[in-house]
Structure formats: structure tokens, C-alpha cells
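Sequence first, predicted coordinates after that:
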Amino acid sequence: MRGDGLGLRAAAIGAGATLVLDTAGLAIKKLSGVPPLDYRLVGRWVGHFPKGTFRHQNIRTATPVRGEAALGWAAHYTIGIAFAGLLLTVSGVDWAEHPTPAPALVVGVGTVAAPWFVMQPAFGMGWAASRTPNPGAARLRSLRTHAIYGLGLYLSGLAVSRFSN
């Protein structure tokens, strides 16, 4: 990927990091029984945007939208790629040539702001899952998830740097 700009590197690193996150989510589910986020709900949320609905009392009881699973997974990977673009914008595209863990982990953990202050309130869960049965546990799961994504950014950055040299 030498000579390529931000977009292609962000796509490769972001998709890789999101794949690491999803793989870890499956392992966590197998070990603990706690399933990862159902991306159909993300698709349902995004699917209501054209109707001008951005916030729900309870996303689980909101009217399903056609193709919500595919829409949710596409949104999930698009968001993962966008956050990788943020990493490369903040750290510089040179980071992709010589990745280091700290910037990836800082960006990964920092992205927990998205579910806490955008998605969870929009899903009817309150700020930082404050309206869920166990907000503390939900917050820790979000932090764990986004730390794993940060690790995925680093690992994917390493892979991209090896293939681009």
C-alpha cells in the first residue's frame, strides 16, 4: 500500500480491527455466555434515519426495518473504518508504516464515547447505559469492547505495514 493515502489504509486497518473485535466477541460469548451487540439493532436505528427518527424509547421494540441485519453490519464496519481514519488523521499516515500500540489503544478506548453518548441514549438505554439493569457492567463491557477494538487497530496496523513494505 506504499503511496496510498489515508482512505485505503483506513479501510484495511479499520476492517481488520473490526474483525478482531467481532472475533473476540464470539470468544467472549462462548466463554461467558454474554453475547455481543446485535447489529440488527444498529441497522434498525440507522434504518429509521430517513424517517427523521434518531432516538427511540426502546430500540428492541421499534418497528423493524427491511434489511436491518445487513444494514447494521455495514454500519458497524463503516464506523470501524471511520475510526481508523481518525487514528490516521490524529497520528499521521506514517503511523501505518510503523504502528505503535499507544495511539491505537487511546483511539480505541476513546471511541467508547460513541456508544455512551450517542448510541445508548438513542437506543433508549440512557447516557452511558444509565437506564439499563446494571449500568456499571454495561459500561465495563463497552470499555472492554473498545479496548479490544484499539488492540485490533494496532494488530491491523502491523499487518498493513508488513504488506505495504
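Okay, I see it.

From the chain's centroid, how far away is the biggest helix by length in the chain?
Assignment by DSSP state H gives helix 135-164 as the longest helix of the chain. Distance, stretch centre to chain centre, for helix 135-164: 9 Å (Cα atoms, centre = their mean, to the nearest Å).

buried ones in that helix?
The neighbour-count check on helix 135-164 (16 or more other Cβ atoms under 10 Å) flags 135, 138-139, 141-142, 145-158, 160-161 as buried. To be clear about C-beta, it is placed using only N, CA and C from the backbone, and glycine gets the same treatment.

next one: stretch 85-100
By neighbour count on 16+ other Cβ under 10 Å, the buried set for stretch 85-100 is 85-88, 91, 95-96, 99.

Low-confidence stretches in the chain?
Of all residues in the chain, those with pLDDT under 70 make up the ranges 1-4, 165.

those helices in the chain, which residues are they?
Along the chain, the stretches classed as helices by DSSP H are 6-32, 39-47, 68-91, 101-110, 113-114, 120-122, 135-164.

could you redo those as a markdown table and give each row distance to A128?
Shown next, in a markdown table, are those (distance: least, Cβ to Cβ, whole Å):
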| stretch | distance to A128 |
| --- | --- |
| helix 6-32 | 19 |
| helix 39-47 | 17 |
| helix 68-91 | 18 |
| helix 101-110 | 14 |
| helix 113-114 | 9 |
| helix 120-122 | 7 |
| helix 135-164 | 6 |
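
and R60, which of the ones you listed is closest to it?
Closest approach to R60 among the helices of the chain (Cβ to Cβ): helix 39-47, 6.8 Å.
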